[in-house]
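Undergrad: pasting the sequence and the predicted coordinates here, then a few questions.
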Amino acid sequence: MANDDHPPALTFEPEDIERVIQDPIKRVQAAEALAQIRVGREGELPSPEALDAAADMVGEERAQFWVATLARKGGLATFVAALRMRGLATEKEELDHKELMFDDRLLRGFIDRANTFRCMVRVAGIVKGSGLLVGPSSVLTAWHVIAVVGPSEVAEVQPDVDVVLTDGRAIPAIILPGASPCGDVEWPPEGGRAPKTDEEVLDRHDVALLRLKQPAGIHLAFATLATPPYAYRGPAGVVLISYPDGEWRGLEFAKLRKLRNMTARWGYDPLGARGGSSGGGCFDTSFSLAGIHQGRAEGARRLVPLICFDSIVRKVIADDETPEKLWSLDGTPESGLVVGRDTFFIGYHAAMRGPVRARGVWVRRVDLTHDMAGLPFSFEMLDKLVARRPDTRLIRVSFDALVPDLPNEIARRAADARIQVQLPEAMSGVGTDQTEPEAVVADRSRRLAQSLDEKARELGILLWIFFDHPAVVFGDESRWALTAFVDQALRLERLRIMLAGYEAIQMPGDLFDTRVDAEGEGAPGLFVEYLIDVNATDVRNLIESAAKDMHRTISPERVTEWTNEALKDLNPVNGRYDSVLRTEIASRLQPRLKQLLDEEGAE
């Protein structure tokens with residue numbers, strides 16, 4: 001705790017001072033210390049006897065009353081200094097430990113990330129508080145920032161909320177279910193008070209998640225939640241990311257402290273937070289979110305710790321980072337539309353979430369006479385999915401020209417993605433003059449996969465490697481290298497593989513058509529997506545998914561009308577349309593979906 005009447009270096013916890021006063025032996029010395037500091041201030045500071053009598057009169061515990069009264073009268077810090085002269089109420093050793101220090105090298109990277117994930121939250125066009133991007137379309141803020149009625153009331157109309165990102169974009173947002181209001185005593189923000197006990201805010205965490213109507217955060221950084229969330233563990237350094245008075249003024253550093261009789265709220269000081277800071281993030285020395293700023297408490301500030309609301313937000317964030325499927329590449333009708341690729345998303349989720357045997361996806365054409373135009377779109381989908389996850393990276397290996405050394409090419413592409421690994425040279429026993437060329441390149445490929453896995457582990461990421469179908473002759477050496485690399489990668493925890501094409505090559509590992517195939521014991525392998533024909537249901541699903549994601553209502557009759565328009569004169573065979581027609585179907589749907597997005601009201 002820090003007070004206005006003493007230098008910031010003098011720090012203490014109120015509970016420590018209360019314990020001194022409560023101890024029968026130490027209380028005598030505490031009374032002597034108080035008598036000493038009252039000299040010349042008798043009119044300002046009450047005597048020990050007067051404090052005891054007043055505490056008994058109002059029915060409060062004596063030691064707590066002493067501390068609260070001395071703090072209110074500006075004499076608490078002097079009292080603590082007098083106690084320490086007697087060897088009492090010494091500072092905790094932990095105040096000097098590393099938990100108060102921020103690594104300056106990591107701090108620079110954190111500042112760069114914070115400059116993309118911090119945001120302002122507006123209600124009816126007026127800045128009401130701060131927020132944090134915690135997913136591609138998820139913003140975390142305090143509930144009272146977006147509330148228009150009290151915590152025990154029901155709003156007749158949902159507030160008009162938007163989020164202003166650091167690049168100046170203002171994105172409309174909706175309030176997701178599951179928000180937790182503040183305590184009754186904390187409302188309204190301008191007139192409420194800090195809670196005195198956990199019971200006053202039982203199951204009231206003052207937290208809300210907003211879903212942006214466009215996934216504008218896909219190419220921005222997200223705030224990282226502390227994992228696992230933790231209970232209060234003593235004074236520690238925190239940094240606040242917020243917009244006091246609706247303006248960005250930089251990072252604010254502070255120190256946590258315990259609030260009396262509270263675990264559901266933590267205190268922190270010194271900090272000059274003002275209106276607009278609510279909903280801002282408090283990050284610990286590992287630059288993980290420890291809680292969100294809420295208001296004032298005991299002369300300092302208070303936050304709601306992540307451990308209180310972690311279960312509310314964690315699943316929402318995970319679903320945002322790994323959506324069940326995409327209807328367009330960026331969540332708007334402006335980009336490429338995804339027609340009938342459900343199996344792709346099933347395979348991706350299997351590789352990300354389990355079963356553990358699923359280690360990637362193999363996208364294959366059914367009709368090999370078709371050109372490869374549809375295969376690169378698979379990379380675009382994977383790229384957008386990976387971009388939603390800050391703990392996932394993607395490298396792409398293409399064959400637009402002859403590649404004489406595939407391991408070298410993979411290492412080069414990894415370096416382009418800021419993943420530096422040393423290219424393995426041929427080892428003794430498998431050198432070029434010691435064994436067959438197939439074994440040489442296979443050994444180098446396997447060791448390269450192991451190096452990438454080790455680097456991914458070091459960086460704390462999952463690494464996807466996408467292999468484009470060759471546009472040039474694919475020789476034996478490249479085939480040996482690819483199959484050896486894939487074989488090794490399937491066995492490594494931090495690598496995932498996606499193949500586009502390669503139908504004529506026998507790939508290692510098992511092949512899975514469904515999640516059930518990948519469950520149980522067995523070898524790892526790839527989920528297979530066949531680029532089969534599409535049908536009218538695929539088109540209807542796309543339209544309905546787009547309408548839902550854009551928060552527009554569309555009638556079944558209109559869905560049918562647009563589906564028929566998209567498929568008109570495309571010559572189906574047994575009700576199915578050739579897979580190469582996906583591009584034509586998407587181009588026909590785009591103007592209709594743009595029209596739907598531009599409509600103000602619901603149908």
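TA: Great, that's in hand.

Undergrad: all contacts plus neighbour counts: C-alpha atoms, from now on.
TA: Noted.

Undergrad: low-confidence ranges in the stretch 151-300 of the chain?
TA: Residue ranges of the stretch 151-300 of the chain with pLDDT under 70: 215-219, 270-276.

Undergrad: go on, the stretch 351-500 of the chain?
TA: Short version for the stretch 351-500 of the chain, where the test is pLDDT under 70: 370-374, 401, 426-437, 473.

Undergrad: tell me how far P407 lies from S445.
TA: In this view, P407 and S445 are 5 Å apart by C-alpha to C-alpha, to the nearest Å.

Undergrad: tell me which of those two has more neighbours.
TA: S445 (31 against 26; other C-alpha atoms under 10 Å).

Undergrad: dump the strand or helix carrying the more buried one to CSV, restricted to CA.
TA: Applying DSSP states H and E as the criterion places S445 in helix 437-459. Provided in CSV are the C-alpha atoms of helix 437-459 (Å, rounded to 0.1, in the frame of the first residue of the first chain):
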residue,chain,number,x,y,z
PRO,A,437,20.6,-40.7,-52.7
GLU,A,438,17.2,-41.6,-51.4
ALA,A,439,18.6,-42.3,-47.9
VAL,A,440,20.6,-39.1,-47.9
VAL,A,441,17.8,-36.7,-48.6
ALA,A,442,15.4,-38.6,-46.4
ASP,A,443,17.7,-38.4,-43.4
ARG,A,444,18.2,-34.6,-43.9
SER,A,445,14.4,-34.1,-44.2
ARG,A,446,13.7,-36.0,-41.0
ARG,A,447,16.3,-34.1,-39.1
LEU,A,448,14.9,-30.8,-40.5
ALA,A,449,11.4,-31.7,-39.2
GLN,A,450,12.9,-32.5,-35.8
SER,A,451,14.7,-29.1,-35.8
LEU,A,452,11.4,-27.3,-36.7
ASP,A,453,9.6,-29.1,-34.0
GLU,A,454,12.2,-28.1,-31.4
LYS,A,455,12.1,-24.5,-32.6
ALA,A,456,8.3,-24.4,-32.4
ARG,A,457,8.5,-25.8,-28.9
GLU,A,458,11.0,-23.1,-28.0
LEU,A,459,8.7,-20.4,-29.4
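
Undergrad: from the contact counts, what lies against that helix?
TA: Using 3 or more C-alpha pairs under 8 Å, 6 or more residues apart in numbering; DSSP states H and E, the elements in contact with helix 437-459 are helix 406-416, strand 462-467, helix 476-489, strand 495-500.

Undergrad: now the last one, how far from the centre of its chain.
TA: For strand 495-500, the distance from its own C-alpha centre to the chain's C-alpha centre is 24 Å (C-alpha atoms, centre = their mean, to the nearest Å).

Undergrad: what is V161 paired to in the beta sheet?
TA: Beta-bridge pairing for V161 (DSSP bridges): V123, A173.

Undergrad: surely it and I174 touch.
TA: Yes. The pair V161 and I174 qualifies as a contact (C-alpha atoms under 8 Å) at a distance of 6.7 Å.

Undergrad: the more surrounded of those two?
TA: Using other C-alpha under 10 Å as the criterion, V161 and I174 rank with V161 on top: 22 against 17.

Undergrad: residue contacts, that one?
TA: 121-125, 146, 172-174 (C-alpha atoms under 8 Å, 6 or more residues apart in numbering).

Undergrad: one more time with 6 Å
TA: Residues counted as contacts of V161 (C-alpha atoms under 6 Å, 6 or more residues apart in numbering) are 122-123, 173.

Undergrad: same question for L531.
TA: Taking C-alpha under 6 Å, 6+ apart, one finds R365 in contact with L531.

Undergrad: the same query, at a cut-off of 10 Å, please.
TA: 340-341, 343-344, 363-367, 374-375, 578-580 (C-alpha atoms under 10 Å, 6 or more residues apart in numbering).

Undergrad: shared neighbours, P407 and S445?
TA: 423-425, 481-482, 485.

Undergrad: could I get these as a markdown table with distance to K325 and neighbour count?
TA: Output for the shared contacts of P407 and S445, formatted as a markdown table (distance: C-alpha to C-alpha, whole Å; neighbours: other C-alpha atoms under 10 Å):
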| residue | distance to K325 | neighbour count |
| --- | --- | --- |
| L423 | 36 | 17 |
| P424 | 38 | 18 |
| E425 | 41 | 17 |
| A481 | 32 | 23 |
| L482 | 29 | 22 |
| F485 | 29 | 26 |
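
Undergrad: which pair in the residues you listed spans the largest distance?
TA: Maximum pairwise distance in the shared contacts of P407 and S445, criterion C-alpha to C-alpha, is 16.5 Å, between E425 and L482.

Undergrad: any idea what D269 is bridged to?
TA: Here D269 sits in beta bridges with K255, going by DSSP bridges.

Undergrad: and the residue nearest the centre of this structure?
TA: V134 (3.6 Å; C-alpha atoms, centre = their mean).

Undergrad: surely that residue meets L212?
TA: No. Counting by C-alpha atoms under 10 Å, V134 sits too far from L212 to count as a contact (11.3 Å).

Undergrad: quick one: strands adjacent to the one helix or strand S130 maps to?
TA: Element membership for S130 (DSSP H and E) is strand 126-133. Here strand 126-133 is paired, per DSSP bridges, with strand 118-123 (antiparallel), strand 138-141 (antiparallel).

Undergrad: quick one: buried residues of the last one?
TA: The neighbour-count criterion (16 or more other C-alpha atoms under 10 Å) identifies 138-141 as the buried residues of strand 138-141.

Undergrad: go ahead and confirm A439 touches A481.
TA: Yes. A439 is within contact range of A481, at 9.1 Å (criterion: C-alpha under 10 Å).

Undergrad: mutual contacts of those two, please.
TA: Joint contacts of A439 and A481 (C-alpha under 10 Å, 6+ apart) are S445.

Undergrad: ok so, going back, tell me the one of the shared contacts of P407 and S445 nearest G336?
TA: The closest of the shared contacts of P407 and S445, once distances to G336 are taken by C-alpha to C-alpha, is L482, at 29.8 Å.

Undergrad: can you report phi and psi for E13?
TA: Backbone torsions of E13, given as degrees, to the nearest 10, read phi -110, psi 130.

Undergrad: save the helices and strands packed on helix 437-459 as JSON lines, and put in distance to D284 too.
TA: JSON lines is the format used below for the helices and strands packed on helix 437-459 (distance: least, C-alpha to C-alpha, whole Å):
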{"stretch": "helix 406-416", "distance to D284": "31"}
{"stretch": "strand 462-467", "distance to D284": "24"}
{"stretch": "helix 476-489", "distance to D284": "35"}
{"stretch": "strand 495-500", "distance to D284": "30"}
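
Undergrad: tell me which of those approaches P188 most closely.
TA: strand 462-467 (44.4 Å).

Undergrad: quick one: residues contacting the closest residue in space to V238 that isn't next to it in sequence.
TA: Among residues not flanking V238 along the chain, D284 sits closest, at 4.6 Å (C-alpha to C-alpha, 6 or more residues apart in numbering). The contact partners of D284, by C-alpha under 10 Å, 6+ apart, come to 99-102, 226, 236-240, 254-256, 290-291.

Undergrad: do that again at 8 Å, thanks
TA: D284 neighbours (C-alpha under 8 Å, 6+ apart): 236-239, 290.

Undergrad: on that earlier part again, P46: which of the buried residues of strand 138-141 is nearest?
TA: T141 (43.1 Å).

Undergrad: so is the residue nearest to that closest one when sequence neighbours are not counted in a helix, a strand, or just coil?
TA: In space, and not counting its chain neighbours, T141 is closest to G279: 4.2 Å by C-alpha to C-alpha, 6+ apart. Each residue gets one of three states, and G279 gets coil by DSSP: H, G, I helix; E, B strand; the rest coil.

Undergrad: show the contacting residues for G279.
TA: 129-132, 140-143, 145, 207, 242, 292-294.
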